[in-house]
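Trainee: Compute the structure for the input listed below.
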Amino acid sequence: MTAKLHRLPGGAKKSGAKTSAHASGGLRAYQLHIELEGVYPRVWRRLLVPTTIDLSRLHVALLWSTGWQGGHLHEFVFADASYGPLEPDWDLPEGVIDESTVTLEEALGARRTFLYVYDFGDNWRHKVKVEKTVTLGAPLSLALCLAGENACPPEDVGGAPGYQDFLEALADPAHPEHDELKEWIGRPFDPAAFDVAEINQWLNHTES
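Mentor: Numbering: from 1, shown residues only. Presented below is the predicted three-dimensional model:
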């Protein structure tokens, strides 16, 4: 993963993301499995997050662990309830609740799955499943990545269908869009790249 993160929506800032052990939910944590829908090779992550993490901070954890750069709108969907960021000079759509006012534990209730949508244009849909609840030996400041596979797609590539087209063109020097897309990405891109240590550096706010 080589992408560097820039502005985070919802006013989240790298320097202010840590909280106390009490605010981060003490020693109880959810083990989450996150997978991008409709993407091949499969892009997934396994995270530990405090049970009492609020959804605005969960958004940051999902961004950083997947590899998104930020800057696009997002939404959480728990059955018939939707949560999103309260942005300056922008009203939440009707029926969407301010994500900063609810914890993951509260939003889940008895459920064990929910949806995280990032970038409404590309419509990156992340299916999130609570695999289990665990007791930790030390509190988490934000999240811990345990495992995963494959690189985050590039931003603004056109969603899951556009990503498949991008990979096909990049892998074939004879493809009519190969040179254009290689120039567009501007860097080597390995769809199989995944570095759990680098992700955890981001989650712990340490520059790699």
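Trainee: ok, residue 118 - contacts?
Mentor: Contact partners of residue 118, counting by C-beta atoms under 8 Å, 6 or more residues apart in numbering, are 62, 63, 68, 72, 74, 124, 126. C-beta: built from backbone N, CA, C; applies to glycine.
Trainee: Now, those that are in strands?
Mentor: In strands, defined here by DSSP state E, the members of the contacts of residue 118 are 74, 124, 126.
Trainee: is it true that the second one touches residue 152?
Mentor: Read it as residue 124. No - with contact taken as C-beta atoms under 8 Å, residue 124 and residue 152 are classed as non-touching, separated by 9.2 Å.
Trainee: Who has more neighbours out of those two?
Mentor: A side-by-side neighbour count of residue 124 and residue 152, using other C-beta atoms under 10 Å, places residue 124 first with 26 against 23.
Trainee: which ones are touching residue 135?
Mentor: Contacts for residue 135 were tallied using C-beta under 8 Å, 6+ apart; they are 27, 28, 29.
Trainee: ok, and the most crowded of those?
Mentor: Neighbour counts for those peak at residue 29, which has 24 neighbours (criterion: other C-beta under 10 Å).
Trainee: so which helix or strand takes in that one?
Mentor: Assigning secondary structure by DSSP states H and E places residue 29 in strand 28-36.
Trainee: I'd like the mean pLDDT over that strand, please.
Mentor: Throughout strand 28-36, pLDDT has a mean value of 97.
Trainee: repeat for stretch 68-84
Mentor: Averaged over stretch 68-84, pLDDT sits at 93.
Trainee: List of residues touching that stretch?
Mentor: Identification of contacts with stretch 68-84 by C-beta under 8 Å, 6+ apart yields 3-9, 55, 58-59, 63, 85, 92-93, 95-99, 102, 107-109, 111, 114-122, 124, 152, 155.
Trainee: what's around residue 180, how many residues?
Mentor: Applying other C-beta under 10 Å, we find 11 other residues in the vicinity of residue 180.
Trainee: Next, it: secondary structure please.
Mentor: helix (DSSP: H, G, I helix; E, B strand; the rest coil).
Trainee: pLDDT below threshold where in this protein?
Mentor: 1-26, 206-208 (pLDDT under 70).
Trainee: Please state the offset of the strand holding residue 29 from the chain centre?
Mentor: Between the centre of strand 28-36 and the centre of its chain there are 11 Å (C-alpha atoms, centre = their mean, to the nearest Å).
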